[in-house]
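S.K.: Take a look and give me a structure for this.
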Amino acid sequence: MTVRRPILILCSLLALGGVTAPASAQSFAHGDDQKQARRAMLDGEVMPFSIIKRRVERAMGDATLLGVAPPPRDGIYLMQFLHANGVVEWVYVDGKSGDIVARKRQKGQRD
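M.R.: Down below sits the predicted model:
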């Protein structure tokens, strides 16, 4: 492993610190959103998150799940992954089917 790879991973994680911290803080501020998300799951509008998480992690291979934007907007989960090469990727997942509907790499990053 070269010195460059750990530095890239560390920089990515530090840059993401500002992205993931507000999301976790929002979960406390938006209790109604969480209740609506739970209601949507109970009503069959979205799959349980544990099932979605397993499916997407399997599809993402060796990438590490960094976080999830709470709760799903319009039935779409937004999940953030870090690849072994230091690339950060946002994955949009349909809450009803569990299918990945879009992927977006963080600006300025390439394989």
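
S.K.: Tell me which stretches of the chain form strands.
M.R.: Assignment of strands within the chain using DSSP state E yields the ranges 64-73, 76-82, 88-94, 100-105.

S.K.: how about the helices of this protein, start to end?
M.R.: With DSSP state H as the criterion, the chain has helices at 4-29, 31-42, 49-59.

S.K.: Would you mark the buried spots in the shortest one?
M.R.: Taking 16 or more other Cβ atoms under 10 Å as the neighbour-count basis, helix 49-59 is seen to contain the buried residues 49, 52, 53, 55, 56. Using the backbone N, CA and C atoms, a C-beta is placed for each residue, glycine as well.

S.K.: Quick check: mean pLDDT of that helix?
M.R.: Averaged across helix 49-59, the pLDDT comes to 94.

S.K.: then it to CSV, C-alphas only?
M.R.: Extracted in CSV, the C-alpha atoms of helix 49-59 (Å, rounded to 0.1, in the frame of the first residue of the first chain):
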residue,chain,number,x,y,z
PHE,A,49,-34.3,-0.6,6.0
SER,A,50,-32.4,-3.7,7.3
ILE,A,51,-33.3,-5.5,4.1
ILE,A,52,-32.5,-2.6,1.8
LYS,A,53,-29.1,-2.1,3.6
ARG,A,54,-28.2,-5.8,3.1
ARG,A,55,-29.1,-5.7,-0.6
VAL,A,56,-27.2,-2.5,-1.4
GLU,A,57,-24.1,-3.5,0.6
ARG,A,58,-24.0,-6.8,-1.4
ALA,A,59,-24.3,-4.9,-4.6
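
S.K.: can you list the weak-confidence ranges in the protein?
M.R.: 1-31, 33, 71-72, 107-111 (pLDDT under 70).
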